[in-house]
Every structure is written in C-alpha cells, then in structure tokens.
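A.B. asks: Quick one: sequence plus predicted model below, questions after.
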Amino acid sequence: MLKKILITLIALGTIVGAVIGIKAMQFKKLNDSGGNFQMPPEYVTSATVTQDTWKQTLDAVGSLTAVQGVTVSTEVAGKVTEIHFESGEAVENGQLMLVLDTSTEEAQLAAAKADAQLAEINLNRARKLRQSNTVAQAELDSAQATFLAASAQVANLSTLIDKKRIVAPFAGRLGIRMVDLGQYINSGDRVVSLQSMDPIYVDFSFPQNWVSKVVLKMPVEVTVDAYPDMTFGGRLTAITPEINVTTRTISLRGTLDNPDGKLLPGMFSQVSVVLPESKSQKVIPATSIVYASFGNSVFVVIEKDGHKIVEQQFIRIGEARGDFVSITAGPEVGSTIVATGAFKLRNGMPVMVNNNVSTNPQIDPKPEDS
C-alpha cells in the first residue's frame, strides 16, 4: 500500500514539474518578445506654429440707435381728410404727410381777416383825423388796439390750420401707418414712426479700466446677426464724461454709415473698437491643445530613427480668435504640431500624419448654421 502511494506521489510530482517547466518556457518567450514589441502608430493631422499679427480690439455688445427717431403725432384733434404717405416709404424733410379737417378754422379765418381789414381801415381813418386834431388820442389808441387784436386772431387761426397739416420733421424712413382716412384723432395720437437711417448710432459700454485706451475718432467695427458675413465700419464719436456708479462702466457711441439701410434701430450688435497698435504673436489651431488641470500642452511631431514620434510640450495660452489661439510660451515658430487626434497620444508615441482629412481652421469662421 505504501509502495502505491509513493509511486502516485512521484507521478504527480513529475506531472507538476513538467507543467511548471512548460509555463516557465512560455513566460520566457513572452518576455523576450515583449522587449521587441512596438505600439502601432496613431493617425493624426498636423499644423505648423505660425507668426501672425493680430489687430488689437476692445470688444463689447451694443445696440443700434437712430440719429433722429420720433413717433409723429398731432398737436390738435381733428378728422383725417388727406393721407400723403405709405407705410415703410422714405420721406424728405418738410414733406406733407397728413391733413386734418380745417373747414371750421378756414371759415373762422375768413371772418377774422374781414374784421382785421375793417380794423385797419378804421385805424388809417383815425390816424388822418388825429393829424387834423379832429379825434382824441384815445380814439386812435382804441382803433390801433382793435386792429392788433384782429391781426392776432388771423395769425392764431392760420397757425391752427398749419398744425392740422402734418409734415416730416426730417428726412428718414417711415414705419407702419397708424391712422386711416376719415378717422378722428385726438391731440398726441400716434400717426407713424419716422427714423433717420443714414448715418446710424451704435451705443455700448466698456469697463472703467478701459477708459484710458479709447479716444474719439477711433475705428469701430460692428457685426449683426442679420448679416453675419458683413462688417460695418465707423468711428467713435462720443464718450460720456462720467462712470455709471452702479455698473462701473462708461458709455460710448459710434457713428456708422448706413447708405443701404441694412442696419435698423434697435438691432443687437457686436462692437469692436480697433486700437492703433498691432501685436505679433505665435498662433496655433485651438484643436491642437490638450487641456488639463496641471497645465495645457501640445504634441510636437519630431523625426527619430526614420519614424515620426510626438513630444509633449506645455504651453501658455494667450487670446483666442476664431479657430486659433495665441501662445506666449511653447513650441517655436515653424514647429510641426498635432492638430487633431492629440487626445489619444502619449509622450514618445509613433504617429502617422494624414492631412487629407484635416480641418480648415479660420481666423473669422462663418458656420453655415450660425
């Protein structure tokens, strides 16, 4: 019995030893092959660090305002008898727009003119009689006062008739008509909006720490959502002499040419005041940056042993403009960096550059669905 147990133990030992030997050989082969293993290269696109000169601007949001804008109304009440304009049309300064019923005033004016004519005749007669000392001075004074009162009544009625003829106070474009023919309107009722369109103001504000950077006549560039591909130019024409104590901002106004009338009062706008100095700086695509809490970096593509590998370099980011970002520290101008695909890289990894599928970064992108 003991002999059988001994034989069994020897057989088990032989089997275990063989298994251990086989596994040891396998691990050795695996270890030997691991020393020669290389990670497959990652496909990326590349870009070059460039030197560019960016004009320096101070940016804000603003609102467009008409140089002259009013809601035309009437000073006196009356029934509308004539309308000489259409909604949305352009009018000239002094152009007749609306006439109210003046039949009563015109009849009163005719009577007042007759009274004034009679008073003038009596005044002339009294002057002649006074020269011959036929009438007293008091009669002459009374005749003169009667004439002046009659003339004043004529002027009053003429003015009232003129007030019932509404004219454009300045040249501009009309809004939607708010009255109809035959309608009775009261004093102060709105007739139509009138806006002067060319030139046009843009009002905006800056933080108080920018006050020292702006002076009158600086170039102003404005963009609006209605025309995303267009930039409207003008000049800075007004700077308020006080700071808003609530917001600690200063209000400014620019004046823009608007010959085509594309800019409308009330439009929201993006405003840039162009500073006189420009700044030369290193520029890279924004997509090349790997953002991290311990520091932002890019991967520089370098040649090593006939292969392309990447080397991670930390950068210091400046201002962003469009699809580009300026850097104040990092790779030198002319260096090749990974433009897209940097998120999957590690320092020293091999890469294959394929720019056939690269993006096209722009300094002033205009997305189709914006």
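C.D. replies: Received, thanks.

A.B. asks: For the rest of this, base every contact and every neighbour count on C-alpha atoms.
C.D. replies: OK.

A.B. asks: what about the helices in this structure?
C.D. replies: Per DSSP state H, the chain carries helices over the ranges 2-34, 103-131, 137-163.

A.B. asks: what angle separates the shortest one from helix 103-131?
C.D. replies: Which is helix 137-163. 160 degrees (axes from the mean of the first three to the mean of the last three CA atoms, to 10 degrees).

A.B. asks: domains for this structure, by residue range?
C.D. replies: 42-54+280-357, 102-163 (automatic domain parsing).

A.B. asks: which one of the helices of the chain lies closest to A60?
C.D. replies: Minimum separation from A60 across the helices of the chain (CA to CA) falls at helix 137-163, 44.1 Å.

A.B. asks: helices and strands around the closest one, which ones?
C.D. replies: Secondary-structure packing of helix 137-163 (3 or more CA pairs under 8 Å, 6 or more residues apart in numbering; DSSP states H and E): helix 103-131.

A.B. asks: I'd like a version of the helices of the chain in JSON lines, one that adds mean pLDDT and mean neighbour count as further columns.
C.D. replies: Putting the helices of the chain into JSON lines (pLDDT from 0 to 100; neighbours: other CA atoms under 10 Å) gives the following:
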{"stretch": "helix 2-34", "mean pLDDT": "67", "mean neighbour count": "11"}
{"stretch": "helix 103-131", "mean pLDDT": "86", "mean neighbour count": "16"}
{"stretch": "helix 137-163", "mean pLDDT": "87", "mean neighbour count": "17"}
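
A.B. asks: Of all the domains of the chain, which one is nearest E86?
C.D. replies: domain 102-163 (20.6 Å).

A.B. asks: Figure out how far that closest one is from the centre of its chain.
C.D. replies: 62 Å (CA atoms, centre = their mean, to the nearest Å).

A.B. asks: and if you look at stretch 50-60?
C.D. replies: In this view, stretch 50-60 has its centroid 18 Å away from the chain centroid, taken as CA atoms, centre = their mean.

A.B. asks: Show me which residues of that stretch are buried.
C.D. replies: Buried residues in stretch 50-60, counted by 16 or more other CA atoms under 10 Å: T50, T57, D59.

A.B. asks: Who is the residue most central in space within the chain paired with across the strands?
C.D. replies: The centre of the chain sits closest to S269, judged by CA atoms, centre = their mean, with a distance of 1.6 Å. Counting by DSSP bridges, S269 forms beta bridges with G62, V224.

A.B. asks: I'd assumed V222 was in contact with it.
C.D. replies: Yes. Judged on CA atoms under 8 Å, S269 makes contact with V222 at a distance of 6.4 Å.

A.B. asks: and N360, how many neighbours?
C.D. replies: Using other CA atoms under 10 Å, N360 is surrounded by 8 other residues.

A.B. asks: what does A238 give?
C.D. replies: Neighbour count for A238, taken as other CA under 10 Å: 15.

A.B. asks: Enumerate every residue touching the closest residue in space to it that isn't next to it in sequence.
C.D. replies: What sits nearest to A238 in space, not counting adjacent residues and going by CA to CA, 6 or more residues apart in numbering, is R253, at 5.0 Å. By CA atoms under 8 Å, 6 or more residues apart in numbering, the contact set of R253 is Y201, V202, D203, F204, L236, T237, A238, I239.

A.B. asks: Let me know the pLDDT of R253.
C.D. replies: For R253, the model assigns a pLDDT of 94.

A.B. asks: ditto for Q313
C.D. replies: Per-residue pLDDT puts Q313 at 91.

A.B. asks: How many residues are close by it?
C.D. replies: So Q313, with other CA under 10 Å, has 16 neighbours.

A.B. asks: For it, give the beta-bridge partners.
C.D. replies: V298.

A.B. asks: That one reaches G295, doesn't it?
C.D. replies: No. Q313 lies out of contact with G295 (CA under 8 Å); the separation is 10.0 Å.

A.B. asks: can you pull out the strands in the stretch 251-370 of the chain?
C.D. replies: Using DSSP state E, counting those that start in this stretch, the strands of the stretch 251-370 of the chain run over 268-285, 297-304, 307-314, 316-321, 324-329, 336-340, 351-353.

A.B. asks: Tell me where the stretch 251-370 of the chain is predicted with low confidence.
C.D. replies: Across the stretch 251-370 of the chain, the ranges flagged by pLDDT under 70 are 358, 363-370.

A.B. asks: change it to 80
C.D. replies: 277-279, 305-306, 357-360, 362-370 (pLDDT under 80).

A.B. asks: quick one: contacts for the nearest residue to A320 once chain neighbours are set aside?
C.D. replies: Sequence neighbours aside, S326 is the residue nearest to A320 in space, at 6.3 Å (criterion: CA to CA, 6+ apart). Residues near S326 by CA under 8 Å, 6+ apart: Q281, K282, V283, I284, I317, G318, E319, A320.

A.B. asks: which residues does the closest residue to V67 other than its chain neighbours bridge with?
C.D. replies: Once flanking residues are discounted, V67 sits nearest to I200: 5.5 Å by CA to CA, 6+ apart. Bridge pairing for I200 (DSSP bridges) gives the partners A66, L256.

A.B. asks: I'd assumed L64 was in contact with I200.
C.D. replies: Yes. Contact criterion CA under 8 Å: I200 and L64 qualify, at 7.0 Å.

A.B. asks: I am finished for the moment; much appreciated.
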